[in-house]
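K.L.:
Build me a model from this:
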Amino acid sequence: MQLSREHHPFELLEQMDQLCQRMADAFPTDSQANEYWKGIGFVVGGQMVVTPWNEVAEIQSLPSVTRVPGAKDWVKGVANVRGSLLPVMDLGSFIGYRPKNLRKQRLLVIQHDGIYSGLIVDEILGAISFEQFEQMEEVPQVEDNLKPYITGGFIKQDTDWPVFSLHAVAESPDFRKVSRK
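P.N.:
Got it, this is the predicted structure:
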């Protein structure tokens, strides 16, 4: 299609529309496109896991935290994040791993079922997507303390990726009871 002064702008738009429609036929439709499962990979207690993309509200660096008297050890305190108080929990300690002081630690913020919290994880591995054929038929083998939070798994390049549900953590009665009493 060549632009010339002989064509009216409306004619040019019609030609462009027709060209776009012809070219669109070459692209797969939604039903033809591969379905991808998207998640955020992270490490907790030395175990690489992935959580569904929609279970993470945001990812942050570790903020300054003020301790809360009488709270369990895995409750690190509260942080002021953009003017809102954010409870900060050590996910590894909650699950039963020894606390770590790693420079790669980050905060996964969850907002589910009335729970708004930041969960400290050992490391964020980034966004990961899996095709349907990579989904495991059975739940991958993990340590016992992780099992209540694993809802499935994927295998990619000979690496198992257990699916860790942050929502299951938020729904856990143990997670909701932060007081030592």
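K.L.:
For the protein, just list every one of the strands.
P.N.:
Listed in chain order, the strands of the chain (DSSP state E) span residues 36-44, 47-52, 58-60, 75-81, 84-90, 106-112, 115-121, 123-131, 150-156, 159-164.
K.L.:
The fourth one packs against which elements?
P.N.:
It refers to strand 75-81. Counting contacts by 3 or more CB pairs under 8 Å, 6 or more residues apart in numbering; DSSP states H and E, strand 75-81 packs against strand 84-90, strand 115-121. In this view, the C-beta of every residue, glycine as well, is placed from N, C-alpha and C.
K.L.:
what's the most buried one of those strands?
P.N.:
Sort those by mean neighbour count, taking mean count of other CB atoms under 10 Å, and strand 115-121 sits at the top with a mean of 22.
K.L.:
quick one: low-confidence parts of the protein?
P.N.:
Low-confidence segments of the chain (pLDDT under 70): 1-5, 7, 24-34, 101.
K.L.:
out of all of them, which helix in it is the longest?
P.N.:
Assignment by DSSP state H gives helix 9-24 as the longest helix of the chain.
K.L.:
Leaving out sequence neighbours, find the closest residue to Leu119.
P.N.:
Counting by CB to CB, 6 or more residues apart in numbering, Leu119 lies nearest to Leu91, which is 4.3 Å off, once chain neighbours are set aside.
K.L.:
hang on, that neighbour packs against Val169?
P.N.:
Yes. The pair Leu91 / Val169 is scored as a contact, 7.1 Å apart, by CB atoms under 8 Å.
K.L.:
Between the two, which contacts overlap?
P.N.:
Taking CB atoms under 8 Å, 6 or more residues apart in numbering as the criterion, Leu91 and Val169 both touch Leu119.
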